[in-house]
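K.L.:
Mind looking at a prediction? Sequence and model below.
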Number of protein chains: 2
Amino acid sequence: MKAINHWIRDIRNTMSVFISALLIVIPGAYAKADPIVLKDHGSFYVGGRTVTSAAVTGSAAGLAGSSNQGDITVDQMYVRYQIPVGPARLPVVMVHGCCLSSKTWETTPDGRTGWDDYFTRHSRPVYLAEQVSRARSGFDATSINEVKLGMLPPDALPYIIMGSHEFAWVGFRFGAKPNQAFADEQFPIAAVDDLYKQMIPDLNGLLPADANPTLNHLATLSKQIGGAVVMGHSESGFFPEQAALVDPTGIKAIISLEPAQTCSTSLSQQQLQTLAKIPILIVFGDHLTDAFASFWIPALSQCQTFAASVRALGGDATVLQLPDAGLKGNSHMMMQDRNNDKVADVLLRWIDGHVHR
Amino acid sequence: MKAINHWIRDIRNTMSVFISALLIVIPGAYAKADPIVLKDHGSFYVGGRTVTSAAVTGSAAGLAGSSNQGDITVDQMYVRYQIPVGPARLPVVMVHGCCLSSKTWETTPDGRTGWDDYFTRHSRPVYLAEQVSRARSGFDATSINEVKLGMLPPDALPYIIMGSHEFAWVGFRFGAKPNQAFADEQFPIAAVDDLYKQMIPDLNGLLPADANPTLNHLATLSKQIGGAVVMGHSESGFFPEQAALVDPTGIKAIISLEPAQTCSTSLSQQQLQTLAKIPILIVFGDHLTDAFASFWIPALSQCQTFAASVRALGGDATVLQLPDAGLKGNSHMMMQDRNNDKVADVLLRWIDGHVHR
């Protein structure tokens, strides 16, 4: 029986490599209907530390059989990954933006292939990192419970952001006014309600702004997996750069998608020198002057200043506006736009052209 | 080129079916190292409704370019699924318990195969449903923001539960006292810190107890995918039964893992008759009298009473204690226990023996 199992496993492995070879030889030759063959997939946590909470629930009685004081784990980061069969290529770590989770990178609102699978089908191991204090990474609810119990005043509550529909429509540049889409809008507007379902409370207000644990964990994760392209979006748009400033060892390239006024223009020469050793691509979509321009134009400008500073030190830093690559009408949610495959192709070409492992 | 693509796709599909056939013919013949071949996988939301929030942030100024009042989506349920290639078998919907997320069913704390993949490798499409108000399903933070802004008093804050380490150790029956494990404990104790990272705030206190939207969504999801076995755990242990009472159409079988004193003993005859048409398996682990017995013994007793009521109406309801099936030392987290494959095999055999599609 054992011999048969080994024989079956050998056949299966051989076939998987063959399937994988087909995927590599003819890029774009698959449809969503094709099976996806993974060498491995799964999930794990990075980081996390134990603290003693004085209020694990909002009732002084605590949990049945236990006290309302107890140890909890905080600051952990949930990661889900998938590794295609075939020759190993440089992994891509993706981290989502404000008021969103790693769902950002999965099946699009209108049911098309997300970037998780698109990159994997193009031979990239993909790691979706969920920001500390969001979704499956959890958050420390102690201060909320302490306010409920009268142990702290109401202003000790964390600052929480929910993205309203009205904010998302204009802020993400689906149109200049809520429910009026640009004529060439690439976001799948008919499925916008599904995007609204993806929007969840953002508790980053709980974290120290200058030492968000997610930065450390992105650096650790990248090193742990033997080096990676790290891609951030919006709120996390500049996280890859900040993670590299914590520890650049594993960060082989950086892609910053529409940093939301987070491109720092006040880094030290030493910090810029660290970043000048890493290829950096910063990407913006279309309609920057047509919706929420008072926010997006300065955001673009900051990134241009930052990139110029890196280039001045011999670095490889590019700010790309997608219309300049022939892609029109892209929103802030370019990974979900109708032409998300075309945008991904731009990134894949850049990675292959700029990153030398 | 198009013809070549079709030809390649045909070859790939043929091979995938062959691979799948091997998986079916020799169950247990795979190792974690074998590639996983999926006909499809991805994620989507079920349900959700729009409400107007008077406080989308904790600042009266609101978000840049937008008001602090706005529409948000609440009560949506995030679902991640994976479908193996090969002949379609009855899908399994899994829903996690208190203070946890769908991570429950993924890679175990010590890095072994979770039930998501174990069931998929045994030809079952798997749907992981994340409870409304948890993790990627998000929650309505309006009341927290309103308290922060002085619009509501502190006691209007939601009741939030975090599972402390001390509570989890004894409540989940790793041992009778924190950090002292039972000699035959099946939970992978050396990796308990990873379980603690999975424990996140539970905001079910925001939801109406008698009309938790998750129940409706589980019924909808099961119907939408053409029928399913629905499996709940602990806090959600009785959710499959409750979902069937909302709409039994899609619920072809029920597995309740250690309902946490949630087996109802006060259902009407009409409700019991509905449940008597669905095969029901209720499973408990070991050491019920050795740790947190004051909770687990009544929990077991309630389920035995419930199952007897269903059987009295001609139903197929079984309460199984794993030691009676020869499996010793299982904890409350049986899907992560070292013998989680053996526990899964018990469930798979029960499904195949009791469910006639």
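P.N.:
Yep, that arrived.

K.L.:
Okay, now the unreliable bits of the stretch 251-357 of chain A?
P.N.:
For the stretch 251-357 of chain A, applying pLDDT under 70 flags the ranges A:357.

K.L.:
For residue A:209, grab the count of nearby residues.
P.N.:
The tally of other residues near residue A:209 (other CB atoms under 10 Å in any protein chain shown) stands at 7. (C-beta placed from N, C-alpha, C; glycine too.)

K.L.:
tell me the contacts of it?
P.N.:
Contacts for residue A:209 (CB atoms under 8 Å, 6 or more residues apart in numbering or on different chains) come out as none.

K.L.:
Tell me the secondary structure of residue A:194, please.
P.N.:
helix (DSSP: H, G, I helix; E, B strand; the rest coil).

K.L.:
Just give the closest residue to it, not the sequence neighbours.
P.N.:
residue A:109 (3.6 Å; CB to CB, 6 or more residues apart in numbering or on different chains).

K.L.:
With residue A:138 instead?
P.N.:
Per CB to CB, 6+ apart, closest to residue A:138 is residue B:200, 3.1 Å.

K.L.:
That neighbour and residue B:135 touch, don't they?
P.N.:
Yes: using CB atoms under 8 Å, residue B:200 is in contact with residue B:135, at 6.5 Å.

K.L.:
what do those two both touch?
P.N.:
Common neighbours of residue B:200 and residue B:135 (CB under 8 Å, 6+ apart) are A:136, B:101.

K.L.:
related to what we said a few turns ago, what sits against the residue nearest to residue A:138?
P.N.:
Residues counted as contacts of residue B:200 (CB under 8 Å, 6+ apart) are A:136, A:137, A:138, A:139, B:99, B:100, B:101, B:134, B:135, B:162.

K.L.:
what's near enough to touch the closest residue to chain B within the stretch 101-250 of chain A?
P.N.:
Closest residue of the stretch 101-250 of chain A to chain B, CB to the nearest CB: residue A:164 (2.6 Å). Residues near residue A:164 by CB under 8 Å, 6+ apart: B:53, B:56, B:63, B:66, B:67, B:69, B:70, B:71, B:72.

K.L.:
in the sheet, who's paired with the nearest residue to it once chain neighbours are set aside?
P.N.:
Using CB to CB, 6+ apart and skipping residues adjacent in sequence, the residue nearest residue A:164 is residue B:70, 2.6 Å away. Here residue B:70 shows beta-bridge partners residue B:53, assigned using DSSP bridges.

K.L.:
Touching, residue B:70 and residue A:165? I think so.
P.N.:
Yes: the pair residue B:70 / residue A:165 is scored as a contact, 6.5 Å apart, by CB under 8 Å.

K.L.:
The residue nearest to residue A:164 - how many residues pack around it?
P.N.:
22.

K.L.:
before we move on, what about residue A:108?
P.N.:
Count around residue A:108 with other CB under 10 Å applied: 23.

K.L.:
ok, and the closest non-adjacent residue to it?
P.N.:
residue A:336 (4.5 Å).

K.L.:
Settle this for me: that neighbour is touching residue A:186, isn't it.
P.N.:
No: Residue A:336 lies out of contact with residue A:186 (CB under 8 Å); the separation is 9.2 Å.

K.L.:
Spell out which residues of the stretch 151-300 of chain A are next to chain B.
P.N.:
Taking CB under 8 Å from any CB of the partner chain as the contact definition, the stretch 151-300 of chain A meets chain B at A:154-155, A:157-167, A:170-171, A:193-194, A:196-201, A:205, A:292, A:294-295.

K.L.:
hang on, the earlier thing: what would the contacts of residue B:200 look like in a markdown table with secondary structure?
P.N.:
What follows is those, written out as a markdown table (three-state DSSP):
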| residue | secondary structure |
| --- | --- |
| A:136 | helix |
| A:137 | helix |
| A:138 | coil |
| A:139 | coil |
| B:99 | coil |
| B:100 | coil |
| B:101 | coil |
| B:134 | coil |
| B:135 | helix |
| B:162 | coil |
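
K.L.:
and which of these is nearest to residue B:91?
P.N.:
Minimum distance to residue B:91 across the contacts of residue B:200 is 20.0 Å, recorded for residue B:101 (CB to CB).

K.L.:
The residue lying closest to that closest one once chain neighbours are set aside: neighbour count?
P.N.:
Using CB to CB, 6+ apart and skipping the chain neighbours, the partner closest in space to residue B:101 is residue B:135 (3.8 Å). By the criterion of other CB under 10 Å, residue B:135 has 25 neighbours.

K.L.:
do the same with residue A:208
P.N.:
Residue A:208 has 7 nearby residues by other CB under 10 Å.

K.L.:
just to revisit the earlier point, just the buried ones from the contacts of residue B:200, in PyMOL syntax?
P.N.:
The buried residues among these can be selected in PyMOL (16 or more other CB atoms under 10 Å in any protein chain shown) with this line:
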select buried, (chain A and resi 136+137+138+139) or (chain B and resi 99+100+101+134+135+162)
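
K.L.:
Ends of stretch A:186-201, what's the gap?
P.N.:
Length of stretch A:186-201, first residue to last, CA to CA, to the nearest Å: 26 Å.
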